[in-house]
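>>> Following is a predicted model, sequence given first.
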Amino acid sequence: MAEAPGDITLLLDAWGRGERDALHQLAPLVYPHLQRLAASYLRRESNAGTLQATALVNELFVGLLARREARFTDRQHFFALAATLMRMALVDHARRVRSEKRGGRAEIVPLHDELPWVDAAGPGFLDFDRALSELEQLDPERFQVVNARFVLGCTADEAAELLGISRVTVNRRARSARAWLAQRLGLGGTEPSGTPFTPDRT
């Protein structure tokens, strides 16, 4: 990530204290990254009527503005909220798609290259969102990795830096979380359905 962690943390703190200009200074630091990861979700979408990357990122910042009462402790806290808002935007889109009952077969937009079976632009994203919420309850550490790697679109190194763990740990948790999510969605996998993970503190 190109943005400076120290600058982001200071601006988040200032925003949390009520300094109105802080968000305007923060936006240029984080907007390009959020726009890139939004574009990565939708880069294969060819239907003009689907959610566009810029609109998705704008929804994120609208959500941030609506949470002016929130106090951020660090950049990890901010990006966790950004991931939550990203999911909310995609869930809202999935609900609209389902309610419209569009005819024909829309092109699948994979959430991430390593999760090609999760359609970020279709109603099936609702099932993934429910599975991810369950994962958060069962194993918060692996949920954080999924958030960083597959929702925020971080590389393994970026996720390691953001979460304060090793790259090896990120990759291990990502693999097991992927397997559990796939199994939970009926796509196979190695983790027993509904069974909490063995705690991984490394």
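Done, it's in. Numbering: from 1, shown residues only.
>>> In space, what's closest to the residue nearest the centre of the chain - neighbours in sequence excluded?
The chain has Val151 as the residue nearest its centroid, 2.4 Å off, counting by Cα atoms, centre = their mean. Spatial nearest neighbour of Val151, excluding adjacent residues (Cβ to Cβ, 6 or more residues apart in numbering): Ala83 at 4.3 Å. Bear in mind the C-beta positions are built from the backbone N, C-alpha and C, glycine included.
>>> surely Ala89 meets Leu56?
Yes - under the criterion of Cβ atoms under 8 Å, Ala89 makes contact with Leu56 at 5.3 Å.
>>> any residues in contact with both of these two?
With contacts taken as Cβ atoms under 8 Å, 6 or more residues apart in numbering, not a single residue reaches both Ala89 and Leu56.
>>> ok now stretch 126-138, how far from the chain's centre?
12 Å (Cα atoms, centre = their mean, to the nearest Å).
>>> pLDDT (mean, whole number) over that stretch?
What stretch 126-138 shows for mean pLDDT is 95.
>>> buried ones in the one helix or strand Asp127 maps to?
Per DSSP states H and E: Asp127 is located in helix 125-138. Residues of helix 125-138 classed as buried by neighbour count (16 or more other Cβ atoms under 10 Å): 125, 128-129, 131-132, 135, 138.
>>> Would you mind finding the longest helix in the chain?
helix 75-100 (DSSP state H).
>>> all strands of the chain, in order?
Assigned by DSSP state E, the chain shows strands spanning 110-112, 115-119.
>>> Would you map the helices across this protein?
Using DSSP H, helices in the chain cover 5-16, 21-42, 53-66, 75-100, 125-138, 140-146, 156-163, 167-184.
>>> from the chain's centre, how far out does the last one sit?
It stands for helix 167-184. That offset, for helix 167-184, works out to 15 Å (Cα atoms, centre = their mean).
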